[in-house]
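Enquirer: sequence plus the predicted model coming up.
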Amino acid sequence: MRMVYVICVLLVVAAAIVAIGFIPVKKAVNEDSLDKNDEYIVVVVQKATISEWRIIGDNNGEHSIQEDVRLLGNAPSGYNYGIEFGFNTFICYGKYDGTGDLHGERYEIFVVERWEILYPVKRDSIFAWALPKTYLCRYDLE
């Protein structure tokens, strides 16, 4: 009888530890809910170029030419590899602050005041099927 009690306690503790990882950190937003009056850019992570981010759109619509951008200020960071390279789309609110140049390659500079992640949250992980698509959770933190 005592062994059953110990196993039950261990299962409850293990379930609590797993549940803590599902605590929401940031809710994902739908494209329909974006405020077109605010200045924002739509960006994705890119793996091997002069800048970590690429602009694919803004509050005026989709960009026909995708551009490199360096995000300053409150840029999306602190998330694990699965989020950064899960082909997620981020909305960054703020303003342009000129351009830069690295090895002859031009990039935009955007100062981020706040950011959102676009629904659905995509993860590059073997456990992606078990994690929520509507928000970033504690498991997504580095």
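Expert: Yes, it's here. Numbering: from 1, shown residues only.

Enquirer: just the residues contacting stretch 73-81, thanks.
Expert: By Cβ atoms under 8 Å, 6 or more residues apart in numbering, the list of residues contacting stretch 73-81 from outside reads 53, 90, 92, 94, 111-115, 117, 124, 136, 139-142. Placement of C-beta: from N, CA and C, glycine included.

Enquirer: can you tell me which of these are buried?
Expert: In those, burial by neighbour count holds for 53, 90, 92, 94, 111-112, 115, 117, 136, 139-140, counting by 16 or more other Cβ atoms under 10 Å.

Enquirer: so which of these are in strands?
Expert: Mapping these onto strands (DSSP state E) picks out 53, 90, 92, 94, 111-112, 115, 117, 136.

Enquirer: what is the end-to-end distance of stretch 38-57?
Expert: Counting by Cα to Cα, to the nearest Å, you get 14 Å between the two ends of stretch 38-57.

Enquirer: buried ones in it?
Expert: Neighbour counts over stretch 38-57 (16+ other Cβ under 10 Å) mark 39-43, 45, 51-55, 57 as buried.
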